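Asks: After the sequence you'll find the predicted model.
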Amino acid sequence: MKKIGILGSTGSIGTQTLEVIDKQPEKYKILYLTAKSNVELLCKQAKKYNVKTICILDKSQYSYCKNKLPNIEIYSGRDGLLKVASINKIDLMINAIVGGSGMEPTVNCIKSGVDVGLSNKESMVMAGDYINKLCKKKNVKIFPMDSEHSAIWQCLKGEQYNQINKLILTGSGGPFRTKSIKDFIKIKKEDALQHPNWEMGKKITIDSATMMNKGLEVIEAHWLFNIPIEKIEIIIHPQSIIHSLVEFVDGSIKAQLGIPDMKIPIQYALSYPDHDSILWESLDLAKVKTLTFESPDLEKFPCIRLAYDAIKKGGSFPVVLNIANDEAVDLFLNNQIKFINIPEIIESAMKQHTYISNPNLNDIEDITNQTKKLIYSKLEKDYR
């Protein structure tokens, strides 16, 4: 029986992970769960799975948890989250935390010698080089859970890395793929949260609308698969059936196909190296009929360009990109800026940043604080 912990168990990926586990309860034992603020769901999950330890990030909810769950270990706050992430009595920790705040828990898991099922792409974006070196030192494996990176992972199984010509990440294009750029000024939060194919949390849904999710995925793929950034491309595939592709030096291309359901890559990360026999929904290509592709529009979606710029400059720039995006998306979701302001804020933060060639964790924390300060200064000056 594989022992599992889930960081971010009440979010979209966390709850879908539990759905996968529910299909084969004899294979998995859940020991640890954490949540940001959804205390009622966290306590229900803790009771259902009889977990040993939970953490609620919102410290004001600690008493609620203690009253509901008097006999289990309860942590709260950021320090509590990092403690749970450091527990080494499990086989696999699922990191389903959203945003840059998920990076340090990933690091703590690896330091403890625990393999990580990684949904938090920001970990690799902000600290990919550091994390790769730490994984090698601790003999820890990272199992990618994003659909695109899971697809590449599956396509590369049994292949020689020196025979890869390029990685091709697919993206649906989001809800505004066909929308005229002149109408982007009118985009409302409600519009941006309507993804055409995937059911996801709010933050990643907005990232899909700006297409920053593809930019972040390019950077993550660079570090996960040790492939030069020049050999990683994006193709728009509106049907979201092909989840990514690998082209080899002889011109042959392998692709991984499936319905747009995150439970499939989650299940593969949990069951690796096996494909479990649970069938969520069969892909019927005769019903799909048509698969189409197009190049991304960098004028409409400048976040893609910003992501490539950040990783090409290297060093600390991906940290700034990631933190600025986190903050800009949060501001948009709170109706404090317009949709078109998101890439403006990110680019402004990158232009004002002072480059650090090889940032350590302390540098990343400093950069995070400085970037947030710059953004809120700009908010007060330009958007109020």
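Replies: Happy to help now that I have it. Worth saying up front: this structure is predicted, and the values here are computed from it rather than measured.
Asks: Need the three-state assignment for Tyr75.
Replies: strand (DSSP: H, G, I helix; E, B strand; the rest coil).
Asks: I'd guessed it sits against Ile54; true?
Replies: Yes: using C-beta atoms under 8 Å, Tyr75 is in contact with Ile54, at 7.3 Å. Using the backbone N, CA and C atoms, a C-beta is placed for each residue, glycine as well.
Asks: which one of these two has more residues nearby?
Replies: Ile54 (24 against 20; other C-beta atoms under 10 Å).
Asks: what's the spacing between the more buried one and Ser119?
Replies: 19 Å (C-beta to C-beta, to the nearest Å).
Asks: Just give the closest residue to His195, not the sequence neighbours.
Replies: Thr205 (5.2 Å; C-beta to C-beta, 6 or more residues apart in numbering).
Asks: elements contacting the helix or strand where that neighbour lies?
Replies: Assigned by DSSP states H and E, Thr205 falls within helix 202-210. Packing partners of helix 202-210 (3 or more C-beta pairs under 8 Å, 6 or more residues apart in numbering; DSSP states H and E): helix 189-192, helix 212-225, helix 317-333, helix 341-351.
Asks: hey, what's in contact with both of Tyr75 and Ile54?
Replies: Val84 (C-beta atoms under 8 Å, 6 or more residues apart in numbering).
Asks: now the strands for the stretch 251-384 of the chain?
Replies: 253-257 (DSSP state E, counting those that start in this stretch).
Asks: For it, which residues score under the pLDDT cut-off?
Replies: 383-384 (pLDDT under 70).
Asks: make it 90
Replies: 277-282, 376-384 (pLDDT under 90).
Asks: could you pull out the helices for it?
Replies: Assigned by DSSP state H, counting those that start in this stretch, the stretch 251-384 of the chain shows helices spanning 263-271, 285-288, 302-313, 317-333, 341-351, 361-382.
Asks: With mean neighbour count and distance to Gln163 added, can I get those helices in JSON lines?
Replies: As requested, the helices of the stretch 251-384 of the chain are exported to JSON lines (neighbours: other C-beta atoms under 10 Å; distance: least, C-beta to C-beta, whole Å):
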{"stretch": "helix 263-271", "mean neighbour count": "23", "distance to Gln163": "23"}
{"stretch": "helix 285-288", "mean neighbour count": "8", "distance to Gln163": "28"}
{"stretch": "helix 302-313", "mean neighbour count": "20", "distance to Gln163": "23"}
{"stretch": "helix 317-333", "mean neighbour count": "25", "distance to Gln163": "28"}
{"stretch": "helix 341-351", "mean neighbour count": "20", "distance to Gln163": "35"}
{"stretch": "helix 361-382", "mean neighbour count": "15", "distance to Gln163": "34"}
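Asks: Reformat those as a markdown table; add distance to Leu81.
Replies: Below are the helices of the stretch 251-384 of the chain laid out as a markdown table (distance: least, C-beta to C-beta, whole Å):
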| stretch | distance to Leu81 |
| --- | --- |
| helix 263-271 | 21 |
| helix 285-288 | 41 |
| helix 302-313 | 27 |
| helix 317-333 | 17 |
| helix 341-351 | 26 |
| helix 361-382 | 15 |
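Asks: Of these, which is nearest Tyr130?
Replies: Evaluated with C-beta to C-beta, the helices of the stretch 251-384 of the chain place helix 361-382 nearest to Tyr130, the distance being 7.2 Å.
Asks: Now do that closest one: which elements does it pack against?
Replies: Partner elements for helix 361-382 (3+ C-beta pairs under 8 Å, 6+ apart): helix 103-111, helix 122-138, helix 317-333, helix 341-351.
Asks: Just the buried positions in the shortest one, please.
Replies: Neighbour-count burial for helix 103-111, with 16 or more other C-beta atoms under 10 Å as criterion, is recorded at Met103, Glu104, Pro105, Thr106, Val107, Asn108, Cys109, Ile110.
Asks: Pull the distance from it to the chain's centre.
Replies: Using C-alpha atoms, centre = their mean, to the nearest Å, the distance from the centre of helix 103-111 to the centre of the chain it belongs to is 15 Å.
Asks: Repeat that for stretch 314-328.
Replies: On C-alpha atoms, centre = their mean, the centre of stretch 314-328 falls 14 Å from that of its chain.
Asks: got a list of contacts for that stretch?
Replies: Contacts for stretch 314-328 (C-beta under 8 Å, 6+ apart): 99-100, 122, 125-128, 203, 207, 212, 215-216, 219, 303, 306-307, 309-311, 337, 341-342, 345-346, 349-350, 353, 355-359, 363-364, 367-368, 371-372, 375-376.
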